[in-house]
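Colleague: What would the 3D arrangement of this be:
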Amino acid sequence: MRIPTATYRIQFTPQFGFDNAKAIAAYLADLGISDLYASPIFKARSGSTHGYDIVDATQLNPELGTNESFDALVSEVQSLSMGWLQDIVPNHMAYSSENDYLMDILEHGPDSSYTDYFDLSWNAPFGDRQERILAPLLGDFYGASLENGHIQLQYEQNGLTVNYYSLKLPLRLESYTKFITHNLGKLTRTLGRNHPDFIKLLGILYILKSVPSEVAGKQRQDQIAFIKGLVWELYTTNDAIREFIDENIQTFNGEPGNSESFNLLDELLNDQFYRLAFWKVGAEEMNYRRFFTVNELISVKVEEVRVFNNTHSLINKLVEEGKFTGLRIDHIDGLYNPIQYLQRLREKTGDVYITVEKILELTEELPENWEIEGTSGYDFLNYVNGVFCQTENESSFDKIYQNFIGSRVDYSSVVKDKKHLILEKNLAGDIDNLALLLKNISSKYRYGNDFTLNGLKRAIAEVLTLFPIYRTYITPDGIGESDRDTIQEVIRQAKEQTPLLQHELTFIEKLMVLDFDNSLTQTEREQWIYFVLRMQQYSGPLMAKGVEDTTLYVYNRLLSLNEVGGNPGHFGIDLAKFHAFNKQHQATWPHTMNTTATHDTKRGEDVRARLNVLSEIPDEWDQQVNTWSAINRGSRSHRHGFAMPDRNDEYFLYQTLVGAFPFAEHEHASFVERVKDYIIKAIREAKVHTAWLRPDSEYEEACTSFIEKVLDPSISKEFLEAFRPFQQRIAEYGIFNSLSQTLLKITAPGVPDLYQGTELWELSLVDPDNRRPVDFEQRRTYLNAIREQAKTDILGLIQELLNDKTDGRIKLFLTAQLLKARTNYVSLFQDGDYLPLEVQGTYANHIIAFARREGNQTAIAIAPRFLTSLIQPGDNPLGESVWQDTHLQLPPGTPLTWTNVLTQQPLQATQTLSIGSALAHFPVALLVSSAE
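Modeller: Numbering: from 1, shown residues only. As a prediction, this is how the structure comes out:
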């Protein structure tokens, strides 16, 4: 297996395709990257900027380039001895006209060859093949969309379609008969009954009525294609028939203002295998499984062997050809049976590097029976971020936050409230489906005969709401002890909180722990298992939407902690826990990924690094934020005596400005627009005053107006004069946090992952802000200059970088030096033991230090933190004058001669090592020694 030394995430888009990646491959190799880590590159919906809305996983995305340009990129990567880690999406595809598999189902219904491809109610053990598949893709109510003329019939070579803007859905075969027979008498009079083309048309109608229903699959599709071809031939060769069809199109499409004129089209639509509906309907009625709550992403039944083999055919081929050397699995928790999926994937791909996108709670461990190398790194991100938050100031921040917003906030209560909100507003239809499954099962038992649908629904909702982790991994083969413990604890809490549902909850527990009755038939056992595995697929989306996409925009005590996979109820991470986490990683998942930024993170890694500085200075933060609010009181709008933005959103905004304010003055105008776009997303995600389902334009405009005013020097001079000096100080200290964070990521157990562009300062906000184009030419120029100067005058270079930290070159220098060290000492960093080092002296709590040791080689990483009490703004945390008597204890038997691989300077030690001497020239240190 090829284990990456370091990965670099590239977000492919139509504007940044294979040729663009080829142009930067050499730069990445020079930087020290061993493996290009690619966002999904398979055929996606046209214009996709992320690639997760796949329409055909068996093809490369033509918008990224040709097969030849892909091969050229692979050749370039391989010539640089780099690998390719590919992000793959097994859980879902786009609900789109470009998805031929789905369109085939919508056209042919149960006769389609692909009905088993998607997670439809048709495919459930109690599925209803008569129920029309929901198509909740309209921007308005169905009736309004129809009568406004936005839903239109269209005819072209591929047949009749229903069009709604860019959406184009096929009509079932039976609809052609209804369409062609409408007003057929007029065509009879025009052509005459004996006209050869009219006779052909009658023949077509006869065939349409005679296509045997028992003919299915490819044979039926061939027959329908033949019929469509005959109609198109008549349409293109006979003017009278063309005119007849065009007039029918016009008639069916109705006339806005004349409600009756839409009856024909309405009847036609009611006769389809799908039901066009307002997109908001998907929140309460849903008969297909989605990715989270996104109607436009329909889940794939990858648990079906045929579906797995098809959707992974190109992936397997590229692995076999050596073009993909690693795979990253998107949203593993969405799958029906993740363990089975990973076993099949490993069987197909062999000894390839595999990681999964998996959110782990702080005390949760990755299942040890998964045949993978680890996660994509959110667990590391939250540990390394939390260790820069000064935990002892938690109570101060509670008071500051509560005083500012005027109310007490309990994180766990907010989580529960928001999960309930998502269940009621976004996942109600999905919970209905689960309750129907459970009702069907319970009604077969005397102890479940009296359960009502409403009671079961409430019980399911309570269980899912209380789930402390994303999901359990129960399979038809059984349940693990940790999963059993989780379920029993959740049921205990649920019974405590909803005592009237004791019996329903007991029954759910019985099912979830697979406590089968001996009297069950095989079919009944399978129905139990189906419910359990289905239930597991919904705790994850609820956690994601309730916590990540709602609570993290509502609970704003310290925004650096509001991150994917994080728990802002924990005010930072104890250093001992950070060390224990790394030791555990080295023991069980030594090749897991370590990241500090991804395409999904809520804010850039350097934004978090800045905001963590606030945790060190609660009193000053309290004074500053209240001063700003007082200055800006006049910039807020009011509605019925209520101020907009409210205090919570205002508090959120000030932290955002402190964290993301650009170093460069010329970026100010674009920054204002970015923050305005961001605040709209943030307050809609919060779902307090506005939401995606129910936008409040007045509140949104009040928030964007507030931003415009407070960031306009001509309007808010007083605020900016109060804000900028403080923000610049925080940014200065944030730089040192960023450098320490970079050191820890690249030297801790695991594979360091860099998100595109983060080798310079990364001050982006949530997507799509973090998918803005990256200036790779600037980075290449910087790296070349750094490399050249480092050859002759590395200390002079470092001094220059320290004097001008705001351009980010200091971070690029550190990244390149660290990656070079990882390359030079691959085995040490991949396999070496992790040894936390004891730090003593005046500022012991301000240093994170550990050793990596393998054989006769040892490396020591030294990262400062909490610098606001050590140095003044503008100073650097260097030398004995800063660190005084602070020193670390070297492990027994450690050599005494070291080289700082960042500065290339030698260092002598005794059994202790002075932090001041280790940090004589640069704010962090990586010391390497090789014993004689």
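Colleague: From the centre of the chain, give me the residue that's furthest out.
Modeller: Residue farthest from the centre of the chain, counting by C-alpha atoms, centre = their mean, is Asn194 at 63.1 Å.
Colleague: I'd like to know how many residues surround the closest residue to Lys577 other than its chain neighbours.
Modeller: On the basis of C-beta to C-beta, 6 or more residues apart in numbering, the spatially nearest residue to Lys577 that is not a chain neighbour turns out to be Tyr383, at 7.5 Å. Any C-beta I mention is one placed from the backbone N, CA and C, and that applies to glycine too. For Tyr383, the count of nearby residues is 22 (other C-beta atoms under 10 Å).
Colleague: Convert the helix or strand where Tyr383 lies to PDB, retaining C-alpha atoms only.
Modeller: With secondary structure defined by DSSP states H and E, Tyr383 is part of helix 378-386. Below are the C-alpha coordinates for helix 378-386, written out as PDB (Å, rounded to 0.1, in the frame of the first residue of the first chain):
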ATOM      1  CA  TYR A 378     -12.100  16.200  11.300                       C
ATOM      2  CA  ASP A 379     -11.300  14.400  14.600                       C
ATOM      3  CA  PHE A 380      -7.700  15.800  14.500                       C
ATOM      4  CA  LEU A 381      -8.900  19.200  13.400                       C
ATOM      5  CA  ASN A 382     -11.100  19.600  16.500                       C
ATOM      6  CA  TYR A 383      -8.400  18.300  18.900                       C
ATOM      7  CA  VAL A 384      -5.700  20.500  17.500                       C
ATOM      8  CA  ASN A 385      -8.000  23.500  17.400                       C
ATOM      9  CA  GLY A 386      -9.300  23.000  20.900                       C
END
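Colleague: So which residues make contact with that helix?
Modeller: Contacts made with helix 378-386 from outside it, assessed by C-beta atoms under 8 Å, 6 or more residues apart in numbering, are listed as 357-360, 362, 560-561, 563-567, 570, 572-573, 577-578, 581-582, 585, 592-598, 601, 608, 612, 741, 744-745, 748, 750.
Colleague: at 6 Å instead, please
Modeller: Outside of helix 378-386, the residues within contact range by C-beta atoms under 6 Å, 6 or more residues apart in numbering are 359-360, 564-566, 572-573, 578, 581, 594-596, 608, 741, 744.
Colleague: Between those residues, which sits nearest Arg458?
Modeller: Lowest distance from Arg458 to the contacts of helix 378-386 (C-beta to C-beta) belongs to Ile359, with 26.5 Å.
Colleague: residue contacts, the closest one?
Modeller: For Ile359, the contact set (C-beta under 6 Å, 6+ apart) comprises Tyr378, Tyr470, Gly565.
Colleague: what do you get for Gln522?
Modeller: Taking C-beta under 6 Å, 6+ apart as the definition, Gln522 has no contacts.
Colleague: ditto for the one 10 residues further on
Modeller: Under the criterion of C-beta under 6 Å, 6+ apart, the contact partners of Val532 comprise Ile474, Leu511, Met512.
Colleague: Just those residues: which are in helices?
Modeller: For the contacts of Val532, the ones inside helices are Leu511, Met512, with DSSP state H as the criterion.
Colleague: rewinding a little: ok, of the contacts of helix 378-386, which come out buried?
Modeller: With neighbours counted using 16 or more other C-beta atoms under 10 Å, those contain these buried positions: 359-360, 564-566, 572-573, 578, 581, 594-596, 608, 741, 744.
Colleague: related to what we said a few turns ago, the contacts of Val532, buried ones only, as a PyMOL selection?
Modeller: In PyMOL, a selection of the buried entries from these looks like this (16+ other C-beta under 10 Å):
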select buried, resi 474+511+512
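Colleague: SS state for Ala863?
Modeller: Under DSSP: H, G, I helix; E, B strand; the rest coil, Ala863 falls in the strand class.
Colleague: Test my guess that it contacts Val924.
Modeller: Yes - in this structure, Ala863 is within contact of Val924 by C-beta atoms under 6 Å, at 5.3 Å.
Colleague: Find residues that contact each of those two.
Modeller: By C-beta under 6 Å, 6+ apart, Ala863 and Val924 have these common neighbours: Ser740, Leu743.
Colleague: Find the nearest non-adjacent residue to the spatially most central residue of the chain, please.
Modeller: Centroid check for the chain by C-alpha atoms, centre = their mean gives Asp600 as the closest residue, at 4.3 Å. Once its chain neighbours are removed from consideration, Asp600 has its nearest residue in Val564; the separation is 5.6 Å (C-beta to C-beta, 6+ apart).
Colleague: check contacts around that neighbour.
Modeller: If you count contacts by C-beta under 6 Å, 6+ apart, Val564 has them with Tyr378, Glu548, Asp600, Thr601.
Colleague: ok, and for the longest helix seen in the chain, which residues are buried?
Modeller: Longest helix in the chain, counting residues (DSSP H): helix 717-747. Along helix 717-747, the positions that meet the burial threshold by neighbour count (16+ other C-beta under 10 Å) are 719-720, 722-723, 726-727, 729-747.
Colleague: Over to stretch 824-839?
Modeller: Along stretch 824-839, the positions that meet the burial threshold by neighbour count (16+ other C-beta under 10 Å) are Tyr825, Leu828, Phe829, Gln830, Gly832, Asp833, Tyr834, Leu835, Pro836, Leu837, Val839.
Colleague: repeat for stretch 278-291
Modeller: By neighbour count, with 16+ other C-beta under 10 Å as the criterion, the buried positions of stretch 278-291 are 278-284, 286-291.
Colleague: go on, stretch 265-274?
Modeller: Neighbour-count burial for stretch 265-274, with 16+ other C-beta under 10 Å as criterion, is recorded at Leu265, Asp266, Leu268, Leu269, Gln272, Phe273, Tyr274.
Colleague: Work out the gap between it and the centre of the chain.
Modeller: Averaging C-alpha positions (C-alpha atoms, centre = their mean, to the nearest Å) puts stretch 265-274 36 Å from its chain's average.
Colleague: what distance separates the start and the end of it?
Modeller: Its start and end residues considered, stretch 265-274 measures 14 Å (C-alpha to C-alpha, to the nearest Å).
Colleague: And for that stretch, what's in contact with it?
Modeller: By C-beta under 6 Å, 6+ apart, the list of residues contacting stretch 265-274 from outside reads Leu106, Gly109, Arg132, Ile133, Ala135, Arg172, Ser175, Phe252, Gly254.
Colleague: Just the ones in strands from these, please.
Modeller: Among these, the subset assigned to strands under DSSP state E consists of Ile133, Ala135.
Colleague: For the contacts of stretch 265-274, name the two members farthest from one another.
Modeller: Looking across the contacts of stretch 265-274, with C-beta to C-beta as the criterion, the two at the greatest separation are Gly109 and Gly254, at 25.5 Å.
Colleague: quick one, which of these two is more surrounded?
Modeller: Between Gly109 and Gly254, counted using other C-beta under 10 Å, the more crowded position is Gly254 (23 against 20).
Colleague: for this structure, which spans come out with low pLDDT?
Modeller: 126-129, 212-217, 930-932 (pLDDT under 70).
Colleague: Try it again at 80.
Modeller: Across the chain, the stretches falling below the confidence threshold (pLDDT under 80) are 125-130, 210-221, 930-932.
Colleague: and it, what are its domains?
Modeller: As given by automatic domain parsing, the domain ranges for the chain are 7-91+302-357, 100-291, 410-553, 775-824, 831-932.
Colleague: Just the ones of the buried ones among the contacts of helix 378-386 in strands?
Modeller: When strands are assigned by DSSP E, the members of those inside them are Asn594, Thr595.
Colleague: Which one of the buried ones among the contacts of helix 378-386 is nearest to Met1?
Modeller: Set against Met1, the nearest of these by C-beta to C-beta is Asn594 (18.1 Å).
Colleague: looking at it, the closest one is touching Gly750, isn't it?
Modeller: Yes - with contacts counted by C-beta under 6 Å, Asn594 reaches Gly750, the gap being 4.0 Å.
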